[in-house]
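*Asks:* Only the shape, not the letters, is given here:
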């Protein structure tokens, strides 16, 4: 009989199944491969520590994303890259819509971290709202509303004065 | 469906999650409303940009060894930060902590109490060493300058006070040096100098002509057995009078007092008791002094003040 999965085993499984997702999320949020690696290791560490040994997890991806989101939000506050005022002015000074879309990352980083995570997980990785609700701890209706508001904010920034 | 309703359901409409009836209404509204068409186009473009967002694959080293050394370091750091209970002895209970602190304080007090007498002894020895290291120089009061003579005002003030009533001698260098010179003159008993047990006899004699009284005082001292080579025997000229400052044998004090009383102007010659006017002219008293003095010697200071 196969023994109960030990913490290294869960880490190996998480890396195999969700490694790309987690690392891409970290890199997209943090804008830095080094910070993304640190955050990725931190998420794995937290998963290793919090994983219940004897529980069979039905919604493992939702749980992994929940751990990742809870780790990333404070981590981004400390290590995330922030746009300088000059970069903000440069963004607003660009009157070309295509030019603005080329700097889509910068506009995305103007959003709060939770909204960035929501948009990336929903529109980039196609995570369903049910898992996002578990991961972010927000009801589905609120998630949809927040996504709508985030897109509206992006629309205002991208299409203003163009 | 109006614009407001469509904007509320735009996300579901563009994602295709609306019910068939609602979707038909939304499509019908979009066909009629140009601003909502533009808005829908913008949403599509933004969601497309998000979907086409650049991908960052997991680095191969990180995939192969996610538990690399940085992770282990992070584990240890985490262990130390959050799991104090995991480290034995890192977080003692309150009674252990209190006991350790109390024992430490008690030990510190005991050590302080045990070392206090030793510290006092060390302090006294240091004091004695400092006194022993006092600069020795040939300071004969007879050859000295006016520094060797106390001011008349001081002598007068002391004569007004009661003998030994809180009066303390605080002499500077020259007296100590003089005593050191005396002690080094070959007297073996002088090597055992005492501190704080010395006494000074002061005789104040008011006269019209100190110069006339001076040789009589010298003669009196010589007649009492004071050697002629005693430093200070000749007296010192000082503003306001003449001072004798010398070390003599204690047995000299009584006869000297009587002799000086007889030298007082206005005193009847040979009278044992002095007249009131004569006692006002002659005063004497004894002081304790902290200054080191040779054993077997007493210091006398005779002050012939000019009236």
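*Replies:* Sure, I can see it. These numbers come from a predicted model, not from an experiment.

*Asks:* Next up, identify which helix or strand residue B:110 is on.
*Replies:* Following DSSP states H and E, one finds residue B:110 within helix B:94-132.

*Asks:* who does the one helix or strand residue A:63 maps to touch, helix- and strand-wise?
*Replies:* Residue A:63 belongs to helix A:60-79 when assigned by DSSP H and E. Helix A:60-79 is packed against helix A:7-30, helix A:33-50, helix A:113-119, helix A:129-136, with contacts defined by 3 or more C-beta pairs under 8 Å, 6 or more residues apart in numbering or on different chains; DSSP states H and E. Where you see a C-beta, it was placed from the backbone N, CA and C, and this is true even at glycine.

*Asks:* can I get the ones you listed in JSON lines with mean neighbour count and distance to chain B?
*Replies:* Listed next are those as JSON lines, based on neighbours: other C-beta atoms under 10 Å in any protein chain shown; distance: least, C-beta to the nearest C-beta, whole Å:
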{"stretch": "helix A:7-30", "mean neighbour count": "20", "distance to chain B": "4"}
{"stretch": "helix A:33-50", "mean neighbour count": "20", "distance to chain B": "5"}
{"stretch": "helix A:113-119", "mean neighbour count": "20", "distance to chain B": "6"}
{"stretch": "helix A:129-136", "mean neighbour count": "19", "distance to chain B": "9"}
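
*Asks:* how about those, which one is nearest residue A:94?
*Replies:* Across the helices and strands packed on helix A:60-79, residue A:94 has its closest neighbour in helix A:113-119 (20.5 Å, C-beta to C-beta).

*Asks:* Mind giving me the packing neighbours of the closest one?
*Replies:* If contacts are counted by 3+ C-beta pairs under 8 Å, 6+ apart, helix A:113-119 sits against helix A:7-30, helix A:60-79, helix A:129-136, helix A:140-159.

*Asks:* Thought residue A:29 was touching residue A:105, still the case?
*Replies:* No: using C-beta atoms under 8 Å, residue A:105 makes no contact with residue A:29, being 10.5 Å away.

*Asks:* tell me the mean pLDDT for the helix holding residue B:110?
*Replies:* Mean pLDDT, helix B:94-132: 88.

*Asks:* swap in stretch A:61-69?
*Replies:* Stretch A:61-69 comes out at a mean pLDDT of 90.

*Asks:* Quick check: phi and psi on residue B:289?
*Replies:* Note on residue B:289: its backbone torsions stand at phi -140, psi 150 [degrees, to the nearest 10].

*Asks:* cool, and the one 5 residues further on?
*Replies:* Here the main-chain torsion angles of residue B:294 (degrees, to the nearest 10) amount to phi -70, psi 140.

*Asks:* now residue B:252
*Replies:* Per degrees, to the nearest 10, the backbone of residue B:252 is at phi -80, psi -20.

*Asks:* pLDDT score assigned to it?
*Replies:* With respect to pLDDT, residue B:252 scores 90.

*Asks:* number of nearby residues for it?
*Replies:* Neighbour count of residue B:252, defined by other C-beta atoms under 10 Å in any protein chain shown: 18.
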